[in-house]
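Novice: Structure, please.
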Amino acid sequence: MSAPPPISAPGPAGPDRSGPRSEGTAPRAETVHGTVRGAYERGVAVFRGIPYAAAPVGARRFRAPEPPERWTGVREAVAFGPTAPKRPYAPPLDRLLPDPEVPGEDCLNLNVWTPSPARTGLPVLVWIHGGSLLHGSSAVGVYDGTAFARDGVVLVSVNYRLGVEGFGVLPDAPANRGLLDQLAALGWVRDNIAAFGGDPDRVTVCGESAGAVCIAALLAAPRARGLFRRAVLQSGAPDAVSVAAGRRTTALIAKRLGVAATARDLASVDPAALLAAQTEVTAGGSPLTGGNSFRIVVDGELLPRDPAEALRGGAASGVDLLMGSTTEEYRLWFVPSGLTERLSRTKLRLARLKAGVPGATARTYRANRPGATPGELLGALATDLLLRVPLNRLADARAGASGTTRLYEFGWRSPVLGLGACHGLEIGFVFDTLGGPDAVALAGPDAPQELADAMHAAWVRFAASGDPGWPAWDASRPVMRFGPGAPELVRAPRDDELRGWPPYRRRRAVSGC
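Specialist: Below you'll find the predicted structure:
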């Protein structure tokens, strides 16, 4: 194929939309900011580290994202770009959840995997990583997009600001800056993805854990309308707090540093010192047990309403949703820490009362799990309180509305450290990356490839058509269960447990243990 034309400012028709082209052995694509050159790897074209916004440093550190400067010549896009400032996971999770760090300031970057030979009009899947809004990046190996590109889907993975810089609540800076970064990345996809073979009108946004929580917020954000057609929420439900509640963690970090909790004062703090204070303040907590953390806030601008209320009220009407969780989410946090074994019945009861779990509901869970320890019972209750109950209720609220809703559950159990069907385990199956070291760390070396084939194919079908291969949600409550055996459709699984929960209220961690 011939080389792209020389760089020039886009004319009225915009940049070249013919898809990635090769120059020798390297694919090239022209974006609105300049030409990028990637690489061919395992039969697909890969572009890494493309900036979608200017580096958030100096005066931009706590601002909303701004467009990157246009470059001349050809920009190499073969290596992952810098990751957002963060610290590794604390032991023992650091052995289970690799979190590479790429130094540099241009952390607002993304990566693209696209089929080769070049094609056009392809569905697009945009991946937003998880990590409690504190960890993670698009450079994590399990997120490799080769299998999606192999199967005809353009995969885009995104970095965004984390911690104080992305989600700290400050009186002199916009709230939810990490969400604003994600919006900027989706705007980049709209304006540029055709140059990589993708269709900007066939975008699915997909994320896990905190990434899914972010997507739920984007579904409720008026500014995000039209940027994607479908959404996947993996192990994350709509969640946001008031500005006052969201400010507490930021205030504790500023107090530890001896400065005011303002963008002006925090901008003067050395980034390493800020990360150290952030780590100290947020240490010891988890999504299930609580603790100081960063949360999305209802700021009245990007998010005028609580996302859960907005979505139940029809805010994402017309958007197809695929949602679900793993059967034993809690085991990622409870098992390595020993909580499954050391929690007493007394502490289980106190935690249950603090979370408002009815006694009759707890008795149903206990009857369904003969021999379970108090820690395992608390974990099952926490998993459903934070994930399965709100996702089911969101599906109920959307039944019959415009835009289909489908639910799944991932139940294959990892033998590693007794983690079972824990949080994050399904990602290697979705991406079909079970052979990589990141997936092996969590799933072991013998995870069933046939289950990955089925799950990955379902995500490909959803991105392409909105139908992953099982019925949409209705009164029969269909759920596709991936494992422990072959995938099977089940109707109203464990509905006796779901019926025991009181009417919806804002979710909270099951703490006190």
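
Novice: What values do phi and psi take at residue 126?
Specialist: phi -100, psi 120 (degrees, to the nearest 10).

Novice: That one and residue 164: what is the separation?
Specialist: 25 Å (C-beta to C-beta, to the nearest Å). The way it works is simple: take the backbone N, C-alpha and C, and place the C-beta from them, glycine included.

Novice: which SS class is residue 185?
Specialist: The three-state label given to residue 185 by DSSP: H, G, I helix; E, B strand; the rest coil is helix.

Novice: got it, and the one 3 residues further on?
Specialist: The three-state label for residue 188, taken from three-state DSSP, comes out as helix.

Novice: Please report how far the residue nearest to residue 285 when sequence neighbours are not counted lies from residue 280.
Specialist: Using C-beta to C-beta, 6 or more residues apart in numbering and skipping residues adjacent in sequence, the residue nearest residue 285 is residue 291, 1.8 Å away. Per C-beta to C-beta, residue 291 is found 12 Å from residue 280.

Novice: Could you do residue 186 as well?
Specialist: 34 Å.

Novice: Same question for residue 387.
Specialist: Counting by C-beta to C-beta, the gap from residue 387 to residue 280 is 28 Å.

Novice: cool, and residue 309?
Specialist: Taking C-beta to C-beta as the measure, residue 309 falls 34 Å from residue 280.

Novice: what does residue 315 give?
Specialist: For residue 315 relative to residue 280 (C-beta to C-beta), the value is 37 Å.

Novice: Of those two, which one has the most company?
Specialist: residue 315 (19 against 13; other C-beta atoms under 10 Å).

Novice: Need the nearest residue in space to the more buried one, chain neighbours excluded.
Specialist: Residue 315 sits nearest to residue 220 (C-beta to C-beta, 6+ apart), 4.7 Å away.

Novice: name the helices or strands packed onto the top strand by length along the chain?
Specialist: Selection of the longest strand in the chain by residue count, based on DSSP state E, yields strand 198-208. On a contact count with 3 or more C-beta pairs under 8 Å, 6 or more residues apart in numbering; DSSP states H and E, strand 198-208 meets strand 122-128, helix 177-192, helix 210-220, strand 230-234, helix 449-465.

Novice: Give me the residues contacting the helix or strand just after the last one.
Specialist: By that I understand helix 449-465. Using DSSP states H and E, the helix or strand that follows helix 449-465 in sequence is strand 478-482. Here strand 478-482 makes contact (C-beta atoms under 8 Å, 6 or more residues apart in numbering) with 324, 406-412, 426, 429, 451, 454-455, 458, 468-472, 487-493.

Novice: 7 Å instead, please
Specialist: Contacts of strand 478-482 with the rest of the structure, by C-beta atoms under 7 Å, 6 or more residues apart in numbering, involve 407-412, 451, 454-455, 470-471, 487-491, 493.

Novice: Which among those residues count as buried?
Specialist: 407-412, 451, 454-455, 470, 487, 493 (16 or more other C-beta atoms under 10 Å).

Novice: Using JSON lines, lay out those together with pLDDT and distance to residue 51.
Specialist: Supplementary listing: the buried ones among the contacts of strand 478-482 in JSON lines, determined by pLDDT from 0 to 100; distance: C-beta to C-beta, whole Å:
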{"residue": "407", "pLDDT": "98", "distance to residue 51": "36"}
{"residue": "408", "pLDDT": "98", "distance to residue 51": "34"}
{"residue": "409", "pLDDT": "98", "distance to residue 51": "38"}
{"residue": "410", "pLDDT": "98", "distance to residue 51": "34"}
{"residue": "411", "pLDDT": "98", "distance to residue 51": "40"}
{"residue": "412", "pLDDT": "98", "distance to residue 51": "38"}
{"residue": "451", "pLDDT": "98", "distance to residue 51": "37"}
{"residue": "454", "pLDDT": "98", "distance to residue 51": "36"}
{"residue": "455", "pLDDT": "98", "distance to residue 51": "32"}
{"residue": "470", "pLDDT": "98", "distance to residue 51": "39"}
{"residue": "487", "pLDDT": "97", "distance to residue 51": "39"}
{"residue": "493", "pLDDT": "96", "distance to residue 51": "44"}
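
Novice: Which one of those residues is nearest to residue 463?
Specialist: Residue 463 lies nearest to residue 455 out of the buried ones among the contacts of strand 478-482, by C-beta to C-beta, at 13.1 Å.

Novice: hang on, the earlier thing: pLDDT wise, what is the residue nearest to residue 315 at?
Specialist: As predicted, residue 220 sits at a pLDDT of 97.

Novice: how many neighbours does it have?
Specialist: Neighbours of residue 220 (other C-beta under 10 Å): 26.

Novice: Was I right to think it contacts residue 310?
Specialist: Yes: counting by C-beta atoms under 7 Å, residue 310 is a contact partner of residue 220 at 3.9 Å.

Novice: ok, now how distant is residue 279 from residue 342?
Specialist: 25 Å.

Novice: of the two, who's got more company?
Specialist: residue 279 (16 against 13).

Novice: pretty sure that one contacts residue 86?
Specialist: No: Residue 279 is beyond contact range of residue 86, at 9.3 Å (criterion: C-beta under 7 Å).

Novice: out of the helices and strands packed on strand 198-208, nearest to residue 81?
Specialist: Across those, the minimum distance to residue 81, taken as C-beta to C-beta, is reached by helix 177-192, at 12.2 Å.

Novice: Start from the N-terminal end of the stretch 1-150 of the chain and give the strands.
Specialist: Counting by DSSP state E, counting those that start in this stretch, one finds strands in the stretch 1-150 of the chain at the ranges 21-23, 26-31, 34-37, 39-41, 44-51, 74-76, 109-115, 122-128.

Novice: Burial check on residue 358, number of neighbours?
Specialist: 12.

Novice: Check residue 349 too.
Specialist: Residues near residue 349, counting by other C-beta under 10 Å: 16.

Novice: And the helix or strand that it is a member of, what's buried?
Specialist: If you go by DSSP H and E, residue 349 is part of helix 345-355. Buried residues in helix 345-355, counting neighbours by 16+ other C-beta under 10 Å, are found at 347-349, 351-352, 355.

Novice: Then stretch 231-251?
Specialist: In stretch 231-251, counting by 16+ other C-beta under 10 Å, buried: 231-241, 246-250.

Novice: got it, and stretch 418-427?
Specialist: So for stretch 418-427, counting by 16+ other C-beta under 10 Å, buried means 419-427.
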